[in-house]
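**Q** Task: produce atomic coordinates for the following.
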Amino acid sequence: MKAICLNIIDDEEKARKKLKESDLLGIKDNIYCSFGLLKYAKILSYEESLELLSIIRLGLDLDIINEVNDFDYFELINKISDSHIILDLEISSSVTDDEPDSIRADLIRKKILKGTD
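**A** Predicted coordinates for the structure are as follows:
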């Protein structure tokens, strides 16, 4: 089992290296567009957040972006789920659709942007 896991890790590292070599400018553009959205968006859906954070995580792993704090992707996606936001912040049951999305955008900014922690 350990050997299988090590093979998967090795294959993923090779794929990332190949991706970086084949389209570095495109990858950088995607990463920095995602960074801009996360930095300035006032409302972020859970699905949009997952995609943007995944791209930022790739940028960190490839040493392309350093304007964000390192973060645990799986821990953060748990903290920004609608249910977690509503339960943790004790939001009333009459919450509007935009309220969790607005809180989510703020939580992400506070967690990943340098100088906000």
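**Q** Could you pull up the residues touching Lys79?
**A** Residues near Lys79 by Cβ atoms under 8 Å, 6 or more residues apart in numbering: 88, 107, 111. All C-beta atoms are positioned from the backbone trio N, CA, C, and that covers glycine.
**Q** Let me fix that, I meant to ask about Ile43.
**A** Counted by Cβ under 8 Å, 6+ apart, Ile43 has contacts 98, 101-102, 105.
**Q** Contacts for the longest helix along the chain, please.
**A** Determined from DSSP state H, the single longest helix within the chain is helix 2-22. Identification of contacts with helix 2-22 by Cβ under 8 Å, 6+ apart yields 27, 58, 61-62, 64.
**Q** ditto for stretch 70-77
**A** Contact with stretch 70-77 is made by 49-50, 53-54, 57, 60, 108, 111-112, as judged by Cβ under 8 Å, 6+ apart.
**Q** Same question for it: list its buried residues.
**A** Leu76 (16 or more other Cβ atoms under 10 Å).
**Q** before we move on, the earlier item: closest to Asn69 among the contacts of Ile43?
**A** Using Cβ to Cβ, Ala105 comes nearest to Asn69 of the contacts of Ile43, at 16.2 Å.
**Q** from what I can see that closest one touches Ser45, true?
**A** No. The pair Ala105 / Ser45 is not scored as a contact, 9.7 Å apart, by Cβ atoms under 8 Å.
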